[in-house]
Every structure is written in C-alpha cells, then in structure tokens.
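> Fold the following.
(chains A and B)
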There are 2 protein chains.
Amino acid sequence: MALIIQKYGGTSVGSPEKIQAVAEKIIGYRAQGHQLVVVVSAMSGETDRLLGLAGAMSERPTPRELDVLLATGEQATIALLSMALEERGCPARSYTGAQVHILTDNAHNKARIREIDADRVAADLAAQHVVVVAGFQGVDDKGNITTLGRGGSDTTAVALAAALKADECQIFTDVDGVYTTDPRVEPDARRLERITFEEMLEMASLGSKVLQIRAVEFAGKYNVPLRVLSSFEEGDGTLITYEAEGMEQALISGIAFNRDEAKLTALGVPDQPGVAHLILGPIAAANIEVDMIIQNMAADGKTTDFTFTVHRNDFSRGLEILQKVAGGMGASEVVGDPKIVKISLVGVGMRSHAGIASSMFETLAKEGINIRMISTSEIKVSVVVDEKYLELGVRALHETFQLDQVVTA
Amino acid sequence: MALIIQKYGGTSVGSPEKIQAVAEKIIGYRAQGHQLVVVVSAMSGETDRLLGLAGAMSERPTPRELDVLLATGEQATIALLSMALEERGCPARSYTGAQVHILTDNAHNKARIREIDADRVAADLAAQHVVVVAGFQGVDDKGNITTLGRGGSDTTAVALAAALKADECQIFTDVDGVYTTDPRVEPDARRLERITFEEMLEMASLGSKVLQIRAVEFAGKYNVPLRVLSSFEEGDGTLITYEAEGMEQALISGIAFNRDEAKLTALGVPDQPGVAHLILGPIAAANIEVDMIIQNMAADGKTTDFTFTVHRNDFSRGLEILQKVAGGMGASEVVGDPKIVKISLVGVGMRSHAGIASSMFETLAKEGINIRMISTSEIKVSVVVDEKYLELGVRALHETFQLDQVVTA
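Here you go, the predicted structure:
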C-alpha cells in the first residue's frame, strides 16, 4: 500500500463525462490498496470564462478579487469529482486551498506556497476517504484567497506530496509522458521511462510544457518522486527522480527547442567594463526577460559585439531600447533577427562525457546548418539557428544520438 | 451618516452590465455619506447551471459537496462586484461566508446561521471600504462550507445587519416594494409605504415571494428595519418594521393568495380522541406539509369529517396515504380536490376591529363565491374557494376594503 498524490489538469476534468472517467480511474487505484489524495484544476475553459467576466468589469481587475473569482473554478471541480466518487460508493471529501490551510505569501495571482497543514488530510486518509483538494489556490496569513498562477495545480500536488511524505506524486495530463523530443517534429521521438529533476527543469524551461517548472523545482527540493502520465491512456508515463547511484545513464535524455526566440546585437561596442550592464539594465527595467547572452573577445582590442536573445514578443521593444542605448555608448550598429530558434541537447550523462558538443556541431554542419550562437551548462548544450532549420536540426540530432533507442553510457 | 446593509439578488446581478449598474448604485449611496455592506447572490442562471453539473455526477449529490459547488456562485459575484467598484475608484473588499465566519449548524443545503463574527467587516468599514459579502453561505464549526437554502441571501443580509447593529437592511429585488395584492391580478394594487413584520410574515408565507420568511423572522427577532426596493427603478420601496406606538394603522394591509393548494377530506371518521394524529402522522412521515386543518363537530355525535390542505404537488401522494389510513379506521369515504385556492386578508389593524371576517364573507357571497374552508389567526382571515374564483374574489375584496387608497382606522 502506498500513499499517492494524483493531479488531474483542466483537460482531464473538462466535462462531466471526463470527471466520471477520472472517478473510475481513482477507484481503480484505490482497489489496489493505495491511499489517495487527488488535486484537480478548473474544468478546461472555465478559467477563460471567469477571466472574460473579470474583463467585463475592469481592464485591470484588482489582483485580490481576481483570485477570489478564479478560485471558484477548482472549487467547482473538487465538489463534482467528490460527488462522482461518492455516487460510486467511494467515500470522498473535498477541500479548498483555504480549508487545508495551503498557506502562501500574499502575492496575488502568483503566490508561493509557504506551508501546508496536512493534519486534516491525514485524518481523512486514516478514515479511508479519498481526499480531493483544489489545486492552484491557497490563503495568505490574513485569510485572503490567493492563487499560484497558471499551472499552479502541479505545485499544489507536489507540495501536498512533500507535506504528507507521499510515496509518489502523479501528474495526469493529455500526454503520456516526457519524450526525447516533440513527436510532432520527430515522429521517432521516444517516451522516456525516467528522467532526472535537473534534466526535466532544462526540458521544461525550454518550452516543453508538460510540467510547471516550479513544481519540478519543488519536487526536487523535497525529493518527491514525480510521475507524468496520461489521463486517457494506460501506461507508466515518465518517472522524474534523482539520478540513482550506479544507475546507467543515457548520454542525452532529450532535445528541447524553443521557437519563440529573437536575437539582438550591438556591433562595435567599446570593450570596457560595465558595458553589459549599460545595455541590459534598460532591457531589464522594461521587464524584458533575457535568455542567452554572448560577448566575444574584441578582435581589434578596442570594440566588441554584444548579442542576447529575448522572447519574440519583446523583439520590437527590445530593438528600440537597444538602439537608444547603443547610440549613447558609440556602438557602430544595432542589428536584430526575430526568426531564430534555440535547440538544446539535455542530459546528465553529458557531465562525464566530453565530445557531446562537438558531435552536435558536426551533425549540424553536415546538414549545412549555420550556428548563430552557442551556450552550454553542465547538462545542456544550446545552439541558436535560423528558424527554417528547426525541424531538420532536431531530426538530425535525434538520429545522431540514437534517441529512438534506449542507449546507456 | 448611516450604516446600511444592502442585498442584491440574482436578477439584479444577472449580467456584467447589471453588476456595473449595481456598482453605480452603491457609489451613489456612498456619496451620500453612508457606510455600506453589500450582500449578493449568484448571478441568475448560475445556480441552475451548477445544479445541472451536479445532476450529471449523481442523481442525489452528497449534500456536503453540493454546498461546496453552489457556494462558488456567490463567490464569483462578490469578486466581480468588488472589481467593478474598485474600477470606479471605490475601495472594496469581498468576503466569502467562511471569511467573515458566518457560523451555521451543519445541516447542509438548509443550514441556519448561529453567529457572525463581524469584527473584520467593522474594521474594513472603519477604513472606508465598501464590504461585499457572499450571501447564502456559511461554515460549520469544523470549517465545512454550508448553504442556507434558496433565498438564503436575504437571511445573510439580515444577520449581518443584526450583528453590525445596522440602521437599515435594504433588500433590492425586481419588484419595487410590497403591494396590497398581486398587481397581475388586481391592477389597482397599491405599493405599501410600510408594513409590520407580522403582516409581512403572513404575506410571505402565503405565496408573495418578495422576501424569504426566515429573513423576515430574523429581522423581527433582532428588530432590524427591513426595506424592500427595486434594483432597477428609483423609489422608497416598502419599509418593514414593528408597529409604531400611536401610529394609525390600516385595517387591512393586503390580500395574499396561494394557487398551489389542494384539499383532502376523510368523511365519516369516528369522533374520538387521537383521530387527527392517526390521519396526519402518516402524512407527516411522508414529508408532506399540511397547511390548513379543519375538523367539525360530529353532527350525529358519532362521526365527523376531517379536512386538510396540502401543496398541490403532494395531492396524489396525500390522497393515496389518506385512503389507506381512512380505510383502517372505518371512515365512510375519502374525497379530494386539487383545484382550490386560498385567499387571505392580512392586517394588524384587524386585532382591534371585529367584523372584518363578516365583511369578507359578505363580499364573497355577493359575488356568488362559495367558501369551502375558513381559518383565522389574530391578524389574518383565510378562506379556501374554488380555483376559478381566485381573481374575482381578490378584486372584490380589494375594492371592499378600499386597498387602492390609503385608509387608516
């Protein structure tokens, strides 16, 4: 018998029929003797409906009141799922974030969980109840309703798993696990049996939207085994854990990519201390997030080129700011390119194996793909290439590193 | 400056536009220097939508979970109205029933308020906020969400008015006050400036659905001046208070009627102790509510006729039960009539004036209306007549007692 936290997202509970199906699924797990705490999101479409109502009240609704409004979405789902369970003779109890004291800070619309008082849940579990908890929401220390931001239900599930010392936290989604890369780009992409927290973070932050980053961080911090699996199909999904001692590890776990990048460059910038700050200060002040930053040595010993990438939506604003700043510091020219993408190889096996990067560059060169930028971390190599090479590059790398097969180092 | 509790029902907040209009109205009252606590219902249609979802889960949804679900309706409205107020520069704070500790018993779906901790509301009022509270909902002493049953928002408003010792509790509805009778039956029906709690209770319990009975009882008990007025039109509405000392009082305040009555009679019942209980016990056990009960003296000294009225929906079930019971006690026959109505004259002035009942019977006789049953209380005379005479009877009585004019005793 294990204590399992399960989380079902909006698509999984998107209609009365789907909620009934989730109830059946839960009863199946319970029949195997497991204790279950189930975290649910708002029915898909509900959050948008509520945002529409808020938009009809105000262009910028008060954050506190927006949370009061949005929190009704999950509250409806917990009640409906509990009814469906009880209808099947399975004792169930629903709780809002406030009722199980999911204490957060008071940053409305993007609150962070501080503490969970799991006593009430533990008592219900001991009484053989299935406990159904509203995801995405909590209360601050004054009892105001807060929400964790979109996707926050994953975090609720992981936080409950940590508080209850659960054996596993299972995130049910509309995909059946984490893949070596996006199967829409590479049909030979393979579902991973397991992946480490660090790898998952790199995959998630690079556009793979299976799991919320904060949930993965949280799970890593409290060492909660996390499993991603499908609400609609059978299967074991992908288990996310720490690298097991002595476990053979694939060199590369997967290829992540990000279509939404744009590149900005100031050419002929004086090569002197403080330049990076002079350029990036105003960018940060405009709330533009910067991803990669590259500055080469000055070839002539006097000037250098400074390049960074931003989200494609921020390209025009970023270009404008850079033009102003660069003019002031005597840069020769400002250029930009909104049609670039980032491709990254991710794998903890990379740590102990040199040559991954060079194999990557060789593969891309063979396909005639010019690399515009390179950036590396301990478990990741990222390159920026022209947008048109995305599919070609991903497929070539998938083949080079034999990601369609289970290969361990 | 006065402290006013206002309650806006589902129709008054039935769309984003209507919520905006309510916000405007509130700001108008605030500009007059009043402190305001506003209680709102779910947007009209929302409760039915939620009940539909619950029905898709289970034919008999768990009462606890139904309350969790239904409570989302008002929670959405408080957030939206607060946003609309803040958008207009009016500081506002929303609270669910749980957040202002509207403590109830644990009778889910029909809970009763035990206590309100009004400290938080008082603090917000002192800080010049408009406080917006979800009607219809509370929490039991274990923190479970409860609801007060349909129309419970009126009770929330009155309970808050009592707890805060408010100067007035204003119930905004889709009618502009309490009328001498239903204007759809008698076009000359006149809006009453004021009416007593006792009269209002008789009017309400007889089918006039302006206010929930429990709210009127509550207001009477705690002596909270209650005013019914229109959300959509200007006007002073109707004030419900205790009879003022020395105030001249109309003989009759109004004519209430109830179309939903049905009559059941057991003929030739043995005239002996315990008969009433033998008949009504099984009726009560079947959860059928009985309104009027009449038993005449036995003309032959041995048997009597026993008649009572029930809601028309319960007629068939009631007839079936009565047939079984009456057979067992040797009654000669059971008869019933589902096509009857009750007409009642209501007025505290009646107390000190004999002759009201006989004027009533005379009026009906003149119109050829046969009276089937009569029942009286200190401030009410009710008659049961055939359904087809309802409009004729109401109009004739309205004229006899000159209810279209302000007449005091």
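
> mean confidence score for the biggest helix by length in chain A?
Criterion DSSP state H: the longest helix present in chain A is helix A:63-87. For helix A:63-87, mean pLDDT rounds to 98.

> Now do the SS call for the residue located most distally from the centre of chain A.
Within chain A, the residue lying farthest from the chain centre (Cα atoms, centre = their mean) is residue A:300, at 42.4 Å. Here residue A:300 is coil, with the state taken from DSSP: H, G, I helix; E, B strand; the rest coil.

> ok, it to chain B distance?
As for residue A:300, its distance to chain B is 58 Å (criterion: Cβ to the nearest Cβ, to the nearest Å). All C-beta atoms are positioned from the backbone trio N, CA, C, and that covers glycine.

> quick one, phi psi at residue A:214?
phi -60, psi -30 (degrees, to the nearest 10).

> where's the residue nearest to it when sequence neighbours are not counted, which helix or strand?
Excluding its sequence neighbours, the residue lying closest to residue A:214 (Cβ to Cβ, 6 or more residues apart in numbering or on different chains) is residue A:155, at 5.2 Å. Taking DSSP states H and E as the criterion, residue A:155 maps to helix A:152-164.

> Centre of the chain to that helix, how far?
In terms of Cα atoms, centre = their mean, to the nearest Å, the centre of helix A:152-164 is found 15 Å from the chain centre.

> List of residues touching that helix?
For helix A:152-164, the external contacting residues (Cβ atoms under 8 Å, 6 or more residues apart in numbering or on different chains) are A:3, A:5-7, A:9, A:37, A:39-41, A:74, A:97, A:100, A:102, A:113, A:116, A:118, A:121-122, A:125, A:133-138, A:148, A:166, A:168-169, A:171, A:211-212, A:214-215, A:218-219, A:222, A:224, A:226.

> so the longest helix of chain A versus helix A:152-164, what angle?
70 degrees (axes from the mean of the first three to the mean of the last three Cα atoms, to 10 degrees).

> Could you give me the buried positions within helix A:63-87?
Judged by neighbour count using 16 or more other Cβ atoms under 10 Å in any protein chain shown, the buried positions of helix A:63-87 are A:64-87.

> Likewise for stretch A:377-384?
A:379, A:380, A:381, A:382, A:383, A:384.

> Redo those as CSV? Include distance to residue A:238, secondary structure and pLDDT.
Formatted as CSV, the buried residues of stretch A:377-384 follow (distance: Cβ to Cβ, whole Å; DSSP: H, G, I helix; E, B strand; the rest coil; pLDDT from 0 to 100):
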residue, distance to residue A:238, secondary structure, pLDDT
A:379, 17, coil, 89
A:380, 18, strand, 90
A:381, 22, strand, 91
A:382, 22, strand, 91
A:383, 25, strand, 93
A:384, 28, strand, 93
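
> Skipping its backbone neighbours, what lies nearest the residue of the stretch 301-409 of chain A found nearest chain B in space?
The stretch 301-409 of chain A approaches chain B most closely through residue A:313 (26.5 Å), counting by Cβ to the nearest Cβ. Spatial nearest neighbour of residue A:313, chain neighbours left out: residue A:260 (7.4 Å); criterion: Cβ to Cβ, 6+ apart.

> before we move on, back to that, how far away from the center of its chain is the longest helix of chain A?
The answer for helix A:63-87 is 23 Å, by Cα atoms, centre = their mean.

> and after it, which helix or strand comes next?
Moving toward the C-terminus from helix A:63-87, the next element (DSSP H and E) is strand A:92-95.

> How far does stretch A:228-247 sit from its chain's centre?
16 Å.

> And for stretch A:76-92?
Using Cα atoms, centre = their mean, the offset of stretch A:76-92 from its chain centre is 29 Å.

> same question, stretch A:345-354
21 Å.

> what does that stretch rub up against?
Residues contacting stretch A:345-354 (Cβ under 8 Å, 6+ apart): A:196, A:198-199, A:202-203, A:206, A:243, A:249-256, A:356, A:360, A:378-382, A:397, A:401, A:409.

> Need the buried residues of stretch A:377-384 in CSV (columns: distance to chain B).
Shown next, in CSV, are the buried residues of stretch A:377-384 (distance: Cβ to the nearest Cβ, whole Å):
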residue, distance to chain B
A:379, 43
A:380, 42
A:381, 47
A:382, 42
A:383, 46
A:384, 42
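
> circling back: among the contacts of helix A:152-164, name the ones in helices.
Per DSSP H, the contacts of helix A:152-164 map to helices at A:74, A:121, A:122, A:125, A:214, A:215, A:218, A:219.

> count of neighbours near the residue nearest to residue A:313?
Neighbour count of residue A:260, defined by other Cβ atoms under 10 Å in any protein chain shown: 17.

> nearest spatial neighbour of residue A:56, skipping sequence neighbours?
residue B:16 (3.6 Å).

> quick one, phi psi at that neighbour?
The phi/psi pair for residue B:16 (degrees, to the nearest 10) is phi -50, psi -40.

> is it true that it touches residue A:54?
No - counting by Cβ atoms under 8 Å, residue B:16 sits too far from residue A:54 to count as a contact (9.4 Å).

> Now the common contact residues for these two.
With Cβ under 8 Å, 6+ apart, residue B:16 and residue A:54 have common neighbours residue B:80.

> Compare neighbour counts for the two and give me the winner.
Between residue B:16 and residue A:54, residue A:54 has the larger neighbour count (other Cβ under 10 Å), namely 23 against 17.

> Which strand or helix spans the more buried one?
With DSSP H and E as criterion, residue A:54 is part of helix A:46-57.

> Relative to residue A:109, how far out is the residue nearest to residue A:313?
Remark: distance between residue A:260 and residue A:109 (Cβ to Cβ, to the nearest Å) = 22 Å.

> same deal with residue A:354?
45 Å.

> neighbour count winner among these two?
residue A:109 (16 against 7).

> Let me know the secondary structure of residue A:189.
coil.

> Kindly provide the distance from it to residue A:174.
16 Å.
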